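A.B. asks: This is the structure alone, sequence omitted:
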């Protein structure tokens, strides 16, 4: 009864790894327009984070409300260029 018809079930693949003593998580959303992979790093605030050289970043979406799982589940969500 509380289903939100404006959202779909999110399907994602999660990959976790350690790099330079930090915990990294890659969440790849399989049923989102154009496909989206988010990199989440667990670190203390203000700590230096080195992005692993084998990853290619498109943009930093830290604190961007458009890239939460809840927002990505919207049927009308799209990634701006």
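C.D. replies: Right, received. Where do you want to start? This is a predicted model, so every value here is computed, not measured. Numbering: from 1, shown residues only.

A.B. asks: and residue 63, how many neighbours?
C.D. replies: Residue 63 is surrounded by 6 other residues when neighbours are defined as other Cβ atoms under 10 Å. Backbone N, C-alpha and C define where each C-beta goes, glycine included.

A.B. asks: ditto for residue 14
C.D. replies: The number of residues packed near residue 14 is 9, by other Cβ under 10 Å.

A.B. asks: Report the contact partners of residue 24.
C.D. replies: Listed by Cβ atoms under 8 Å, 6 or more residues apart in numbering, the contact partners of residue 24 are 16, 17, 18, 39, 40, 41, 42, 52.

A.B. asks: at 6 Å instead, please
C.D. replies: Residue 24 is in contact with 17, 41, counting by Cβ atoms under 6 Å, 6 or more residues apart in numbering.

A.B. asks: same deal with residue 51?
C.D. replies: With contacts defined as Cβ under 6 Å, 6+ apart, residue 51 is in contact with no residue.

A.B. asks: how close does it get to residue 8?
C.D. replies: If you measure residue 51 against residue 8 using Cβ to Cβ, to the nearest Å, the figure is 30 Å.

A.B. asks: List the buried residues for the helix or strand bottoming out on mean pLDDT in the chain?
C.D. replies: Across the helices and strands of the chain, the lowest-confidence element by mean pLDDT, DSSP states H and E is helix 69-72, at a mean of 90. Burial within helix 69-72, assessed by neighbour count using 16 or more other Cβ atoms under 10 Å, is assigned to residue 72.

A.B. asks: Ok, stretch 2-18 next?
C.D. replies: When burial is assessed from 16+ other Cβ under 10 Å, stretch 2-18 yields the following buried residues: residue 12.

A.B. asks: Contacts for that stretch next, please.
C.D. replies: Residues from elsewhere that reach stretch 2-18, judged by Cβ under 6 Å, 6+ apart: 24, 25, 26, 27, 28, 29, 30, 31, 69, 73, 74, 75.

A.B. asks: so who does the residue minimising distance to the centre of the chain touch?
C.D. replies: For the chain, the residue lying nearest the average C-alpha position, counting by Cα atoms, centre = their mean, turns out to be residue 38 (2.6 Å). When contacts are counted by Cβ under 6 Å, 6+ apart, residue 38 touches residue 27.
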